[in-house]
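[1] test case, fold it:
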Amino acid sequence: MTTVRDATFDVLRRYGLTTVFGNPGSTEVTLLTGLPDDLRFVLALHEGSVVGMATGWAIGHEAPALAVLHTTAGLGNAVGAIATARVNRVPLVILVGQQDRRHLALEPFLAGHLRGLAGEYPVRVDQPVRAQDVPGAVARAFHEATTFRGPALVVVPMDDWEAPCSGESVAAPVRVVRPIAVSDDDLAPLVELLAGARSPAIVAGARAGWESLVLLAERLGCPVFQEAFGGRAGFPQDHPQYAGVLPADRVRLREALASHDVVLAVGAPVFRQYPYAPGPLVTPGTSVAVVTDDPAEAHRSPAALAYLASPSAVCARLAALLPSRSPVARRSDVPDIPELPAEGRPLRAAHVLRELALRLPDDTVLIEETPSSRPDLHRLVPARTPLGFLSAAMGGLGFAVPAAVGLRMALPERPVVAVVGDGSALYGMHALWSAAHYRVGALFVVLANGRYAVMDRLADKQGGKAPWPPFTEVDMGGLARSLGCPARRVGTYDELTAALDEVLPSLAAREEPLLLDVTVTVDPDFQP
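    Reported below is the predicted structural model:
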């Protein structure tokens with residue numbers, strides 16, 4: 001007899017969902033016990049790490065990844081990571097356990113009110129009406145996650161897996177074809193706008209389409225800004241036309257774009273901000289256009305013209321249709337190089353980042369989660385590949401450590417480095433056990449200042465005393481070692497360079513994770 005479990009495994013195989021990230025609970029035992037040999041289970045010690053590792057895997061493979069969560073507690077623990085996946089536009093298929101269907105009406109122990117628990121962050125939440133509808137729901141979740149670039153959830157009662165499922169229709173297509181062609185007639189208004197621009201500019205987002213955007217930028221000869229709080233680099237940051245990260249408040253945003261009469265946002269929202277400031281986003285007389293494959297992003301953008309289409313396809317065609325302009329070189333400024341710390345003086349984050357930048361291989365996958373050091377990282381460590389800068393676009397903590405594990409598992413031939421503040425790392429340390437157990441050779445550089453530096457500075461600006469204490473007692477290396485991950489304390493410049501010189505040349509071939517616990521002091525000039 002074919003069961004729902006058997007039929008679902010066939011669906012997982014069809015779509016390449018054969019790596020299962022999970023932290024097991026009793027409502028998933030009927031699914032997970034005795035997995036077939038061609039399905040690999042990867043254990044994480046917390047549901048946030050389950051989804052974070054799956055997110056890294058999906059980014060690395062550019063395809064949906066599979067996660068399995070326990071009922072209410074598991075899904076609840078993972079909501080922050082699910083929100084990050086949605087805002088980073090990463091496709092995930094997430095199976096969520098539920099109590100036995102036969103007595104759900106009585107709300108037994110471990111029964112969950114699950115449909116709305118993750119809020120609006122999933123692109124779909126399905127609770128199949130019949131057990132036999134589960135395989136189709138999983139197939140549809142794959143398609144929904146792919147189309148809408150986010151996590152799709154399927155809630156499955158524990159008894160459904162053993163139900164018979166012979167001769168049932170799967171309510172989902174085997175294959176979905178998504179044409180990306182854009183007609184020249186459709187592009188005519190945008191061609192006219194850009195061709196007539198006196199001084200155009202581009203804002204690149206995570207979904208920009210690296211190669212085609214370079215072609216378009218070089219055709220227009222215009223500066224290219226990186227969106228603020230972007231999930232990944234959308235343009236090579238060592239390119240002469242790269243103009244830096246766009247400011248995240250309206251006053252500085254208007255100043256940065258004031259000299260441009262047309263601004264084209266590609267694969268980026270218009271425009272991500274953090275502190276509120278009054279006034280328009282751009283100065284009067286500046287036209288804004290947006291090209292995105294995210295319907296919500298297109299619909300909410302205050303733009304004169306919005307294209308809901310593949311950014312890569314649009315940029316490639318625009319590069320062919322537009323007249324060529326003389327390039328405007330933007331990278332004449334050389335970033336300030338931090339002076340080496342004097343003997344006995346503490347390291348600053350900029351010292352660490354500068355030494356990393358001098359040694360990182362060009363194909364390094366770099367994941368950032370160090371809010372108080374992000375400006376220095378943008379300034380000193382340019383992204384040279386699309387995965388040369390990755391971050392949690394959501395803004396919540398706990399992304400970098402598990403994402404680095406998932407990325408390295410997906411891309412075992414690429415060097416992977418996570419640069420993380422100690423406050424951020426504490427939200428995802430569980431993933432270091434998975435890195436050690438599965439021999440995931442990523443490097444975790446923890447910039448440890450023993451405090452929430454961003455929050456301290458924001459409290460200073462607010463004019464009050466912060467009620468939270470520092471946490472200088474926390475030993476990041478000790479925590480890592482307790483989880484089976486080797487760690488090394490770094491407190492001086494010589495120790496830093498020695499560690500980096502030893503580890504980075506062979507990082508791509510490394511099979512053991514390593515955490516560098518780097519003691520740094522807060523830059524007195526830092527402003528969040």
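[2] pull out the buried residues from the helix or strand of the chain with the lowest mean pLDDT.
    Taking mean pLDDT, DSSP states H and E as the measure, helix 453-462 is the helix or strand of the chain with the lowest mean score, a mean of 81. Residues Ala453, Val454, Asp456, Arg457 are the ones in helix 453-462 that count as buried (16 or more other C-beta atoms under 10 Å). All C-beta spots, glycine's among them, are computed from the backbone N, C-alpha and C.
[3] would you put the C-alpha positions of that helix in CSV?
    Extracted in CSV, the C-alpha atoms of helix 453-462 (Å, rounded to 0.1, in the frame of the first residue of the first chain):
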residue,chain,number,x,y,z
ALA,A,453,27.2,48.7,20.8
VAL,A,454,24.4,49.9,18.4
MET,A,455,21.9,50.0,21.2
ASP,A,456,24.3,51.7,23.6
ARG,A,457,24.9,54.5,21.0
LEU,A,458,21.2,54.8,20.3
ALA,A,459,20.5,55.3,24.0
ASP,A,460,23.2,57.9,24.1
LYS,A,461,21.5,59.8,21.2
GLN,A,462,18.2,59.5,23.0
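[4] other SSEs contacting it?
    Counting contacts by 3 or more C-beta pairs under 8 Å, 6 or more residues apart in numbering; DSSP states H and E, helix 453-462 packs against no other helix or strand.
[5] would you format the buried residues of helix 453-462 as TSV with distance to Asp294 included?
    Shown next, in TSV, are those (distance: C-beta to C-beta, whole Å):
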residue	distance to Asp294
Ala453	32
Val454	28
Asp456	35
Arg457	32
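[6] max pairwise distance over these: which two?
    Val454 and Asp456 (7.3 Å; C-beta to C-beta).
[7] list the contacts for Pro470?
    Shown in contact with Pro470 (C-beta atoms under 8 Å, 6 or more residues apart in numbering): Gly450, Arg451.
[8] now it: which helix or strand?
    Element membership of Pro470, judged by DSSP states H and E, is empty: it is in no helix or strand.
[9] run through the bridge partners of the residue nearest to Ala400 when sequence neighbours are not counted.
    Here the nearest residue to Ala400 in space, its sequence neighbours aside, is Glu369; by C-beta to C-beta, 6 or more residues apart in numbering that works out to 3.5 Å. Glu369 has these beta-bridge partners by DSSP bridges: Val420.
[10] residues near Glu369, how many?
    26 (other C-beta atoms under 10 Å).
[11] distance of it from Pro135?
    37 Å (C-beta to C-beta, to the nearest Å).
[12] cool, and Leu347?
    54 Å.
[13] thought His430 was touching Ser49?
    Yes: with contact defined as C-beta atoms under 8 Å, His430 reaches Ser49; the gap is 4.7 Å.
[14] mutual contacts of these two, please.
    With C-beta under 8 Å, 6+ apart as the test, His430 and Ser49 both reach Pro402.
[15] which one's more surrounded, these two?
    Higher neighbour count among His430 and Ser49: Ser49, with 30 against 21, using other C-beta under 10 Å.
[16] element containing that one, please.
    Per DSSP H and E: helix 47-61 holds Ser49.
[17] so for that helix, what's the average pLDDT?
    On average, the pLDDT along helix 47-61 is 97.
[18] so what secondary structure elements neighbour it?
    strand 19-22, strand 65-69, helix 72-87, strand 92-98, helix 400-410, helix 431-437.
[19] let's have those in JSON lines, adding mean pLDDT, distance to Glu255 and mean neighbour count.
    Shown next, in JSON lines, are the helices and strands packed on helix 47-61 (pLDDT from 0 to 100; distance: least, C-beta to C-beta, whole Å; neighbours: other C-beta atoms under 10 Å):
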{"stretch": "strand 19-22", "mean pLDDT": "98", "distance to Glu255": "44", "mean neighbour count": "24"}
{"stretch": "strand 65-69", "mean pLDDT": "98", "distance to Glu255": "41", "mean neighbour count": "29"}
{"stretch": "helix 72-87", "mean pLDDT": "96", "distance to Glu255": "27", "mean neighbour count": "23"}
{"stretch": "strand 92-98", "mean pLDDT": "97", "distance to Glu255": "39", "mean neighbour count": "27"}
{"stretch": "helix 400-410", "mean pLDDT": "97", "distance to Glu255": "31", "mean neighbour count": "31"}
{"stretch": "helix 431-437", "mean pLDDT": "98", "distance to Glu255": "40", "mean neighbour count": "25"}
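[20] so can I have CSV of those showing distance to Ala258?
    Shown next, in CSV, are the helices and strands packed on helix 47-61 (distance: least, C-beta to C-beta, whole Å):
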stretch, distance to Ala258
strand 19-22, 46
strand 65-69, 42
helix 72-87, 29
strand 92-98, 40
helix 400-410, 35
helix 431-437, 44
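[21] among these, which comes closest to Ala233?
    From the helices and strands packed on helix 47-61, taking C-beta to C-beta, the stretch that ends up closest is helix 400-410, at 14.5 Å.
[22] hey, C-alpha coordinates of the closest one in CSV?
    What follows is helix 400-410, C-alpha atoms only, in CSV (Å, rounded to 0.1, in the frame of the first residue of the first chain):
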residue,chain,number,x,y,z
ALA,A,400,24.7,34.8,9.9
VAL,A,401,26.0,31.7,11.9
PRO,A,402,23.4,29.2,10.6
ALA,A,403,23.3,30.7,7.2
ALA,A,404,27.0,30.3,6.8
VAL,A,405,26.6,26.6,7.7
GLY,A,406,23.9,26.1,5.1
LEU,A,407,25.8,28.0,2.5
ARG,A,408,29.0,26.0,3.0
MET,A,409,27.0,22.8,2.8
ALA,A,410,25.5,23.9,-0.5
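[23] how far does it sit from its chain's centre?
    11 Å (C-alpha atoms, centre = their mean, to the nearest Å).
[24] that helix versus helix 47-61: what angle between them?
    40 degrees (axes from the mean of the first three to the mean of the last three C-alpha atoms, to 10 degrees).
[25] against which helices or strands is helix 400-410 packed?
    helix 47-61, strand 365-369, strand 390-391, strand 416-421, helix 422-425, helix 431-437.
[26] pretty sure Val263 contacts Leu257?
    Yes: the pair Val263 / Leu257 is scored as a contact, 5.6 Å apart, by C-beta under 8 Å.
[27] okay, these two: which has more neighbours?
    Higher neighbour count among Val263 and Leu257: Val263, with 27 against 23, using other C-beta under 10 Å.
[28] report the contact partners of that one.
    Neighbours of Val263 in contact, by C-beta under 8 Å, 6+ apart: Pro200, Ala201, Ile202, Val203, Leu257, Val282, Thr286, Ser287, Val288, Ala289.
[29] is it correct that it falls within a strand?
    Yes: counting by DSSP: H, G, I helix; E, B strand; the rest coil, Val263 is located in a strand.
[30] show me what it bridges to in the sheet.
    Under the criterion used (DSSP bridges), Val263 bridges to Ala201, Val288.
[31] got a pLDDT number for it?
    Val263 is given a pLDDT of 96.
[32] where does the stretch 251-400 of the chain dip in pLDDT?
    Residue ranges of the stretch 251-400 of the chain with pLDDT under 70: 329-335.
[33] what is the mean pLDDT for the strand or helix carrying Glu502?
    Glu502 belongs to helix 493-503 when assigned by DSSP H and E. Averaged across helix 493-503, the pLDDT comes to 95.
[34] quick one, the next helix or strand after it and helix 400-410 angle?
    Next helix or strand after helix 493-503 toward the C-terminus (DSSP H and E): strand 514-521. Put simply, strand 514-521 runs at 150 degrees to helix 400-410, going by the same axes, to 10 degrees.
[35] who touches strand 514-521?
    Here strand 514-521 has contacts from 346-349, 351-352, 373, 432, 441, 443-449, 475-477, 480, 485-491, 496, 499, 503, using C-beta under 8 Å, 6+ apart.
[36] name the nearest residue to Ala448, sequence neighbours excluded.
    Closest to Ala448 by C-beta to C-beta, 6+ apart is Asp422, at 4.0 Å.
[37] model confidence for the one you found, exactly?
    Value for Asp422, per-residue pLDDT: 91.
[38] likewise the one 4 residues further on?
    Looking at Leu426, its pLDDT stands at 94.
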